[in-house]
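Student: got a sequence here, can you model it:
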Amino acid sequence: MRCWTSWAARLAPGLFGLLLGTLGAAAQATRQTSEYGYPLKLAPRPTTAAITVADLQTRLYIFADDSMMGRQTGREGNMKGTAYIARELARLGIEPAGDNGTYFQALPYVVRRFTANSTLTVEGRRLRWLEDFVATPAAVAPRPIANAQVIFGGTAGDTTRQITSEQAAGRFVVLAPAPPGQRGAPGGARGGRGGGPPVNRFADAAAVAIIDLHTLSPSARALINNPAGVLNNPQPNAPAPQPGPANLRITLDAATGLFGRDAMLLTRGVTGRTVTASLDFVTQPVPEYGRNVVGILRGSDPSLRGQYVAIGSHNDHVGFTAAPVDHDSARAAASARLRLQISADSLRTLTPDEIAGVRVNVDSLRRIRPARLDSIRNGADDDGSGSMAMLEIAEALATAATRPRRSVLFVWHTGEEGGLSGSRWFVENPTVPRDSIVAQINIDMIGRGRATDLPGGGDDYVAVVGSDSLSNELGDMVRAVNRRQAQPFRLDYRFDRPTSWPGYNNIYNRSDHANYARRNIPIAFFFTGLHQDYHQVTDEPQYIDYPHYTRITQYIHDLMVEIGNRDRRPAVKGPVS
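Tutor: Okay, the predicted model is just below:
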């Protein structure tokens, strides 16, 4: 599902002007194809035993389709994506290795929200849920609201224009919305010279309501009370969260009813009517919204099949945006910024002046085709590319005349984008003996890497991280298998050390392999760089470099076979520091 609005209207005026070379594919654009000739949509075709461009296209166009809703962990889209992977594993005859004989290893995700039975009355007059007000969920149900007097508290986020804590205590505080671009809690202020934790002057209020609901579309209003699920995994001895004031969003008309006067003319400290509310708060377990997918292909050697070569990717992405953007304008601006880095051949952060110099001619874009306003962050490369490469490898291995001597453990981790939660859960609760895993190969974002995607990219490009960190033997295998490829890759080891671009620093600890390495399991991580579409609505299947992607997938398949057939497991140097 897509939502549409004008991204151009959200740009600073200085960003308009000349489009820097992004309109060279006008003919393809009018046919709804990318500059690389790939369509916006693609009908699926049956996959084959070989690792092919056509197979990877079919899989990725399914997995990164809008219907998957960005696959965010804790939402329905992640359930849809993991269900597709499990169906494919069953079709391929891969053995389930999750919970209770299934392909799924569920994490304890819960959704906390209010039901539509929630009520709010102003001296007997009942306001309408979503029409007049909506409540924002928190970790626990808020404190009750009974005959609380309404008071106008000032402007959200601006403590210089707010009532005092004493005035707010026990009252239903109504705030004007913060000015555009201003962040912060409704009553937040930084305390202390050192910038300590936020101080909320409305902590003792009965409720805090911001007057901005009328500015939102019906779908945006519904999202306020439709949060992503969260891990319900409290730390031992951690204090339980305590109820606080209810946080609400109300319309301008509702605010006028609360005060009995024009809400546009309110002044700080003005009081109004009394409010009573019954907010129906529920905690709903949703383990299907956050789950690893686990399968095993048994090895051919009875003496080695109890050992596992693990391969992993992450099945989640970052969902959808609250404020839709114009797809083509967003990509044009991001591409122009990237070209500045490529021209300097540097992994670095652009200066504010360089960013301000990027200019996009929106009128020229509109002459190619109408605005394509987009709210789905499809995650085709991140990490649809790794996830679908694993399915291709699984099909190739399952249909091969001879399987590897060791077993292959396939794990599609959830929650990578939220802090590597799925891989951490699997490593702490493995479905095979942890010490039987001889190595873990992680693939995250292997669908790009063109010279136009990052400085130093090209048709022979792939980055490798950590392959020598725990085992020189694994690193040697990575290089030896690459040399045997029909077209060997130029292996990029830059990200094993700090770079000048902060976005690339600490890559070793930023994907799922890190949790295996902490358990002293040798790892190798393959990716093709953070490009202009990273975490954006423009990370779609039409921009993938399929021939390059296919060759990388074949290379990783060959590396898995090499590790699986060795007489002994890769020797480990020692514990990770």
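Student: helices along the stretch 401-550 of the chain, start to end?
Tutor: 421-428, 472-483, 513-517, 546-565 (DSSP state H, counting those that start in this stretch).
Student: so M445 makes contact with A380?
Tutor: No: counting by C-beta atoms under 8 Å, M445 sits too far from A380 to count as a contact (9.8 Å). To be clear about C-beta, it is placed using only N, CA and C from the backbone, and glycine gets the same treatment.
Student: dump the helices of the stretch 401-550 of the chain to a markdown table, plus mean pLDDT.
Tutor: As requested, the helices of the stretch 401-550 of the chain are exported to a markdown table (pLDDT from 0 to 100):
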| stretch | mean pLDDT |
| --- | --- |
| helix 421-428 | 98 |
| helix 472-483 | 98 |
| helix 513-517 | 98 |
| helix 546-565 | 98 |
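Student: and those helices, which is most packed in?
Tutor: Counting by mean count of other C-beta atoms under 10 Å, helix 513-517 has the highest mean neighbour count of those, with a mean of 24.
Student: CA atoms of that helix as CSV?
Tutor: These are the backbone C-alpha positions of helix 513-517, laid out as CSV (Å, rounded to 0.1, in the frame of the first residue of the first chain):
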residue,chain,number,x,y,z
HIS,A,513,27.6,-12.1,12.3
ALA,A,514,28.7,-10.1,15.4
ASN,A,515,26.7,-12.2,17.8
TYR,A,516,28.2,-15.4,16.4
ALA,A,517,31.7,-14.0,16.6
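Student: if we can go back for a sec, the helices of the stretch 401-550 of the chain: which one's closest to A255?
Tutor: Closest approach to A255 among the helices of the stretch 401-550 of the chain is made by helix 421-428 (39.5 Å; C-beta to C-beta).
Student: what's next to the closest one, contact-wise?
Tutor: Here helix 421-428 makes contact (C-beta atoms under 8 Å, 6 or more residues apart in numbering) with 73, 105, 107, 231, 290-292, 294, 312, 314-316, 411, 413-416, 434, 512-516, 518-519.
Student: same deal with stretch 396-410?
Tutor: 49-51, 89, 92-94, 97, 293-301, 304-312, 390, 394, 432, 437-438, 557, 560-561, 563-565.
Student: these in strands, which ones?
Tutor: Members of the contacts of stretch 396-410 lying in strands (criterion: DSSP state E): 293-297, 308-312, 437-438.
Student: which of these lies closest to L340?
Tutor: Among the ones in strands among the contacts of stretch 396-410, G312 lies closest to L340 (C-beta to C-beta), at 34.2 Å.
Student: okay, and the beta partners of that closest one?
Tutor: V411, N442 (DSSP bridges).
Student: OK, contacts around it?
Tutor: Contact analysis of G312 by C-beta under 8 Å, 6+ apart lists 390, 410-413, 423, 440-443, 512-513, 516.
Student: redo those as JSON lines? Include distance to P39.
Tutor: Listed next are the contacts of G312 as JSON lines, based on distance: C-beta to C-beta, whole Å:
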{"residue": "M390", "distance to P39": "24"}
{"residue": "F410", "distance to P39": "29"}
{"residue": "V411", "distance to P39": "32"}
{"residue": "W412", "distance to P39": "26"}
{"residue": "H413", "distance to P39": "30"}
{"residue": "S423", "distance to P39": "34"}
{"residue": "Q440", "distance to P39": "35"}
{"residue": "I441", "distance to P39": "31"}
{"residue": "N442", "distance to P39": "30"}
{"residue": "I443", "distance to P39": "25"}
{"residue": "D512", "distance to P39": "31"}
{"residue": "H513", "distance to P39": "33"}
{"residue": "Y516", "distance to P39": "37"}
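Student: can you turn the buried part of these into a ChimeraX selection?
Tutor: Restricted to buried positions by 16 or more other C-beta atoms under 10 Å, the ChimeraX selection for these reads:
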select :390,410,411,412,413,423,440,441,442,443,512,513,516
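Student: show me which of the contacts of G312 is closest to I211.
Tutor: H413 (41.9 Å).
Student: mind splitting the chain into its structural domains?
Tutor: As recorded under automatic domain parsing, the domains making up the chain are 32-107+290-319+377-565, 111-285.
Student: please state the offset of the last one from the chain centre?
Tutor: Think domain 111-285. What separates the centre of domain 111-285 from the centre of its chain is 27 Å, taken as C-alpha atoms, centre = their mean, to the nearest Å.
Student: can you give me the end-to-end distance of it?
Tutor: End-to-end distance for domain 111-285, by C-alpha to C-alpha, to the nearest Å: 6 Å.
Student: what do you get for stretch 391-405?
Tutor: Start and end residues of stretch 391-405 are separated by 20 Å (C-alpha to C-alpha).
Student: over to stretch 461-470?
Tutor: The first-to-last residue distance of stretch 461-470 comes to 24 Å (C-alpha to C-alpha).
Student: contacting residues for the residue nearest to the spatial centre of the chain?
Tutor: Most central in the chain under C-alpha atoms, centre = their mean is V318, positioned 2.2 Å from the mean C-alpha point. Residues near V318 by C-beta under 8 Å, 6+ apart: 70, 72, 377, 379, 417, 535.
Student: so how far is V208 from it?
Tutor: 28 Å (C-beta to C-beta, to the nearest Å).
Student: ditto for L127
Tutor: 16 Å.
Student: more crowded one of the two?
Tutor: The neighbour comparison of L127 against V208 (other C-beta atoms under 10 Å) goes to V208, with 26 against 20.
Student: contacts for the helix or strand where the more buried one lies next, please.
Tutor: For V208, the host element (DSSP states H and E) is strand 207-211. Identification of contacts with strand 207-211 by C-beta under 8 Å, 6+ apart yields 133, 142, 145, 148, 153, 156, 172-177, 186-187, 202, 245-252, 254-255, 258, 263, 275, 277.
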